[in-house]
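Participant: When you get a sec, could you give me coordinates for this:
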Amino acid sequence: MIYDFIIIGGGASGMMASISLKEMGKTVCILEKNEKLGKKLFITGKGRCNLTNFSDVKSHIENIVTNSKFMLSSLSRFTPNQTIEFFNLIGLKTKVERGNRVFPTSDKSSDVIKVLSNKINSLNVDVKLNTEVISVKKDNNIFNILCKNDIKYTSYNVVVATGGISYPLTGSTGFGYEIAKSFGINVTNLKPALVPIILKDDVKSLQGIVLKNVKVNCEKYNSEIGEILFTDKGVSGPLILSLSSRLNKLENLQGKILSIDLKPGLNIQMLENKFERELKSVEFKNKYISNYLKTLMPTNFVKFFMKKLELNDTTSKLLNKSDIEKIFKGLKSLNLVIDKLDNISNGIITSGGVDCKEIYPKNMESKKVEGLYFIGEVIDVDALTGGFNLQIAWSTAKSIS
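Facilitator: Okay, the predicted model is just below:
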């Protein structure tokens, strides 16, 4: 049998593409190397699956870090609102949380996979699990797909939905890039995105500590107010992950300063007034400064903070002007030294991929090879956290025509 479309990869974009194409009346087959569909989708959003962001196309474009203009066409054709409507119609109840993040009401990513799989089954899409593609070739107008165990499939069109190279345990090996290269299609440099930052500072003792309501900045990049999480080697958390997707554009990150504003709601003058008022209070008048700092940051963070600023733990009475200024400066700009971004295998997504200049933005078809399409994470488009990356998957998948 020669299929109208063979989709290589049964993740988010692959499943959506199969539904869309089948509803157009096409014969469709998904080739998935794993034992089940949606393996990476299962772990997204810490297992809750942040489907999309309940905001307009303009907001989505603003949150796309790489090749945002390329996405304008597909996002306009299948908007975030249409994504929510689609999932509601196939049986998934959704809710909107902080930052306009959209989740299944059940908080289970497995429910997202379930409704997609049910829809695929109801449409009689052919799904071949445990089927690893080895090569894709085109002879005349027919694509020949060779799989392991010498299994062969043929189709008039091929959709590459293989993902990037982050989270390799989910089957993301970068094979889609090899397919592109085999047809002479350019693949841009691959970098980690939405990934923890490794520090030169020794922060092992801080592992697990969360700093809430802070801001971070590095070079020209500033964050919103949010939280960061310390790991044994560096920092992670929402603010850091988003920042990493901007920092990966820098030529040399080693030695750059990551600055944390622990009190973004207070300026220096306000901090001075706060100190003047509270340090002279009955509660702290004769106590060590470390006890006072515990009211401003997590208890387990105080020791690191004082060591970083070279502060001696003395009573508030004995604090000199220089020490007070150090505290002010440290609260507004605690500087940590960056070593590098964490390994790409630990990134939530991959930055880089099939060159957008070689793909038609309206339908995701290769400009060089008729009938060859690239969708989802395999293309050189990535966004910040908040559901924007999954929306890229849905929209690019729905654009195929």
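Participant: so where is the chain shaky, pLDDT-wise?
Facilitator: Along the chain, the parts satisfying pLDDT under 70 run over 167, 169-171, 280-285.
Participant: Now do the helices in it.
Facilitator: Along the chain, the stretches classed as helices by DSSP state H are 12-23, 57-62, 72-77, 80-89, 109-122, 175-182, 238-247, 268-279, 289-293, 299-308, 321-332, 388-398.
Participant: contacting residues around the second one?
Facilitator: Helix 57-62 has contacts (CB atoms under 8 Å, 6 or more residues apart in numbering) with 53, 68-69, 71-72, 75-76, 79-80, 100, 383, 388, 391. C-beta here means a position set from N, CA and C on the backbone, and glycine is covered the same way.
Participant: Touching, residue 395 and residue 78? I think so.
Facilitator: Yes: when contacts are counted by CB atoms under 8 Å, residue 395 is listed as touching residue 78 (4.6 Å).
Participant: neighbour-wise, which of those two wins?
Facilitator: The neighbour comparison of residue 395 against residue 78 (other CB atoms under 10 Å) goes to residue 395, with 28 against 19.
Participant: How about the contacts made by the more buried one?
Facilitator: Applying CB under 8 Å, 6+ apart, the residues near residue 395 are 71, 74-75, 77-79, 83.
Participant: swap in residue 195?
Facilitator: Residue 195 neighbours (CB under 8 Å, 6+ apart): 166, 241, 244, 248, 341-344, 346-348.
Participant: Can you give me the distance of it to residue 292?
Facilitator: Counting by CB to CB, to the nearest Å, the separation of residue 195 from residue 292 is 36 Å.
Participant: what does residue 84 give?
Facilitator: The value you get for residue 84 to residue 292, if CB to CB is used, is 48 Å.
Participant: about what we covered before: pick the one among the contacts of helix 57-62 closest to residue 149.
Facilitator: residue 391 (36.2 Å; CB to CB).
Participant: Can you name the residues that contact that closest one?
Facilitator: 52-53, 60, 75, 80, 83, 383.
Participant: Which single one of those residues is nearest to residue 205?
Facilitator: So of those, ranked by how close each gets to residue 205 (CB to CB), first place is residue 383, at 33.7 Å.
Participant: so who does the closest one touch?
Facilitator: Contacts of residue 383 (CB under 8 Å, 6+ apart): 60, 63-65, 245, 389, 391-392.
Participant: just to revisit the earlier point, farthest pair in the contacts of residue 391?
Facilitator: The widest separation within these (CB to CB) is 14.1 Å, between 83 and 383.
Participant: Against residue 177, how distant is the residue nearest to residue 9 when sequence neighbours are not counted?
Facilitator: In this structure, residue 9 finds its nearest non-sequential neighbour in residue 161, 3.7 Å apart by CB to CB, 6 or more residues apart in numbering. Per CB to CB, residue 161 is found 13 Å from residue 177.
Participant: Identify the contacts common to the two.
Facilitator: Taking CB under 8 Å, 6+ apart as the contact rule, the neighbours common to residue 161 and residue 177 are residue 378.
Participant: So between those two, which is more surrounded?
Facilitator: residue 161 (32 against 23).
Participant: Mind giving me the PyMOL command for buried ones among the contacts of helix 57-62?
Facilitator: To isolate the buried members of these in PyMOL, using 16 or more other CB atoms under 10 Å:
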select buried, resi 53+68+71+75+79+80+383+388+391
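Participant: residues in contact with residue 100?
Facilitator: Counting by CB under 8 Å, 6+ apart, the residues that residue 100 touches are 53-55, 59, 386-387.
Participant: Kindly supply the PyMOL command isolating those of the residues you listed that are buried.
Facilitator: Buried members of the contacts of residue 100, defined by 16+ other CB under 10 Å, are picked up in PyMOL with:
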select buried, resi 53+54+55+386+387
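Participant: between the contacts of residue 100, which is closest to residue 185?
Facilitator: residue 387 (28.7 Å).
Participant: pretty sure the closest one contacts residue 102?
Facilitator: Yes: counting by CB under 8 Å, residue 387 does reach residue 102; the two are 5.8 Å apart.
Participant: what is in contact with these two at once?
Facilitator: 50-53, 80.
Participant: Just the ones of these in strands?
Facilitator: 52-53 (DSSP state E).
Participant: now the shared contacts of residue 387 and residue 102 in TSV, with distance to residue 12?
Facilitator: Formatted as TSV, those follow (distance: CB to CB, whole Å):
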residue	distance to residue 12
50	11
51	9
52	11
53	15
80	14
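Participant: Just flag the most distant two among the shared contacts of residue 387 and residue 102.
Facilitator: Checking these with CB to CB, the most distant pair is 50 and 80, at 11.8 Å.
Participant: For those two, list the residues in contact with both.
Facilitator: 102, 387.
Participant: so what's residue 229 up against?
Facilitator: Going by CB under 8 Å, 6+ apart, residue 229 touches 208-210, 235-237, 240.
Participant: What number of residues are in the vicinity of the residue nearest to it when sequence neighbours are not counted?
Facilitator: In this structure, residue 229 finds its nearest non-sequential neighbour in residue 237, 3.8 Å apart by CB to CB, 6+ apart. For residue 237, the neighbour count with other CB under 10 Å is 21.
Participant: Residue 47 is in contact with residue 108, correct?
Facilitator: Yes: with contact defined as CB under 8 Å, residue 108 counts as touching residue 47 (7.4 Å).
Participant: So between the two, which is more surrounded?
Facilitator: Using other CB under 10 Å, the more surrounded residue of residue 108 and residue 47 is residue 108, with 15 against 11.
Participant: residues touching the more buried one, list them.
Facilitator: Counting by CB under 8 Å, 6+ apart, residue 108 has contacts 47-49.
Participant: Could you tell me how far it is located from residue 115?
Facilitator: For residue 108, the distance to residue 115 - CB to CB - is 11 Å.
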